[in-house]
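Undergrad: Got a predicted structure here, sequence first:
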Amino acid sequence: MNGPAPESAAERDREGILFTPGEPSTSGQAPQRDREGILFTPGEPSTSGQAPQRDREGIPFTPGEPSTSEQAPQRDHAGAPLVPEKPSASGRLAGRVALISGGASGMGAAHARAFVAEGARVVLGDIAAEAGAKLAAELGEHAAYVHLDVTKAADWAAAVTRTVDLFGKLDVLVNNAGVLDGGELGTYTEEQWQRVLSINLTGPFLGLTAARDALVAARPAAVINISSAAGLQGVAGMHAYTASKFGLRGLTKSAALELAPHGVRVNSVHPGGILTPMIGAPVGATADRDANTLTRLGVAEEVSGMVVFLASAESSYCTGSEFVVDGGMTAG
Ligand SMILES: NC(=O)c1ccc[n+]([C@@H]2O[C@H](COP(=O)([O-])OP(=O)(O)OC[C@H]3O[C@@H](n4cnc5c(N)ncnc54)[C@H](O)[C@@H]3O)[C@@H](O)[C@H]2O)c1
């Protein structure tokens, strides 16, 4: 989504006034509002006039259309490549081995790049084979792609085994895979509900279950569950998504209490609206980081910093907690 409101902003307009999302989307995705307060369908451009957005190369793009430079190397705010030619041996995650679900796209891909840049080795678990394999190739010998449908316990078991076989251990699990849809009560089906819950909540439960012994064996270890601002505040018309993200916040706490004696920390991250394919943003979408955080969307790399922190020893006294990266959206 470019300009359009983030998932959680779907509950408030620019003046902070609550509203109810309008008609259910025919695409099965949640109706949302853009910066002008106009309803739009994620993945489709807003109809209101917005400031032109630019991709990583500074090239303007139209929301919903791929950036013309999406093949360009990913760069940070200062223009430095996000993935150095050789992972850092002295980085903040040097020696760490991570499994990132949903690592082929959006925030998961950004976290994978950041992890490798900080010296970790990373396994990308996803159902998007082409994108996952492409990113793994970009990241080189310190990354691999595995097929992982997070709703399948057998896939999780295989992904954990593959991670340990490849890199010798597993000490960071990022439960990042997720889907977004919505619809008003009376139109939103049980099938839709079950699908979202199975990916967004059962998926992380199965991941924790499969990875538990490997994480304990590799202690100190860390689990980062990617919840949402929608795990802190309700969002009208997004019942399963909100429930799944509140549920993941709860699972984080029960797992953190259980695993603390075993040297495994478990925390949840709560992003606000982030420019990823989930909300219709093209690959490589950028934001003016000097702009008002309350009125702009975030970029994936702004969440990766928090995920790196939680995966690293810097957060050694943090567990069972919620870490909000939402530009202030839930502040009041
Ligand atoms: N983008 C936002 O505004 C936003 C805000 C808050 C939280 N989140 C959460 O962040 C996480 C990442 O979202 P994103 O915005 O990067 O979305 P995205 O759509 O870019 O990436 C999601 C990834 O999950 C994968 N996936 C979907 N179903 C899967 C399954 N069954 N098994 C394995 N992988 C599967 C997809 O293939 C994709 O690679 C999600 O949990 C999402 O709910 C997103």
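TA: That came in fine, so what should we check first? None of the values given here were measured: they were computed from a predicted structure.
Undergrad: Am I right that residue 179 sits in a helix?
TA: No: per DSSP: H, G, I helix; E, B strand; the rest coil, residue 179 lies outside any helix segment and is coil.
Undergrad: residues touching residue 248, list them.
TA: Residues near residue 248 by C-beta atoms under 8 Å, 6 or more residues apart in numbering: 175, 200, 201, 204, 225, 226, 227, 231, 268. No exception for glycine: its C-beta is placed from N, CA and C like everyone else's.
Undergrad: Share the number of residues neighbouring the third one, please.
TA: A count of nearby residues for residue 201, using other C-beta atoms under 10 Å, gives 23.
Undergrad: cool, the second one as well?
TA: Close neighbours of residue 200, defined as other C-beta under 10 Å, add up to 28.
Undergrad: what's the distance between the nearest residue to it once chain neighbours are set aside and residue 135?
TA: In space, residue 200 comes closest to residue 244 once its chain neighbours are excluded; the distance is 3.5 Å by C-beta to C-beta, 6 or more residues apart in numbering. According to C-beta to C-beta, to the nearest Å, residue 244 and residue 135 sit 25 Å apart.
Undergrad: higher neighbour count, these two?
TA: More crowded of residue 244 and residue 135, by other C-beta under 10 Å: residue 244, with 28 against 24.
Undergrad: Could you double-check that residue 244 lies in contact with residue 203?
TA: No: counting by C-beta atoms under 8 Å, residue 244 stays clear of residue 203, with 9.2 Å between them.
Undergrad: Find residues that contact each of those two.
TA: Here residue 244 and residue 203 have residue 178 as joint contacts, going by C-beta under 8 Å, 6+ apart.
Undergrad: Which positions in stretch 129-139 come out as buried?
TA: In terms of neighbour count (16 or more other C-beta atoms under 10 Å), stretch 129-139 has its buried residues at 131, 132, 133, 135, 136, 139.
Undergrad: Can you list which of these are found in helices?
TA: Counted as lying in helices by DSSP state H, out of the buried residues of stretch 129-139, are 131, 132, 133, 135, 136, 139.
Undergrad: where along the protein do the helices fall?
TA: Using DSSP H, helices in the chain cover 106-117, 129-139, 153-167, 190-197, 203-217, 239-259, 300-311.
Undergrad: coming back round to it: turn the buried residues of stretch 129-139 into TSV, including pLDDT.
TA: Converted to TSV, these look like this (pLDDT from 0 to 100):
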residue	pLDDT
131	98
132	98
133	98
135	98
136	98
139	98
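Undergrad: Between those residues, which sits nearest the ligand?
TA: Nearest to the ligand among these, counting by C-beta to the nearest ligand atom, is residue 131 at 6.6 Å.
Undergrad: do you know how far that closest one is from residue 106?
TA: From residue 131 to residue 106 the distance is 10 Å (C-beta to C-beta).
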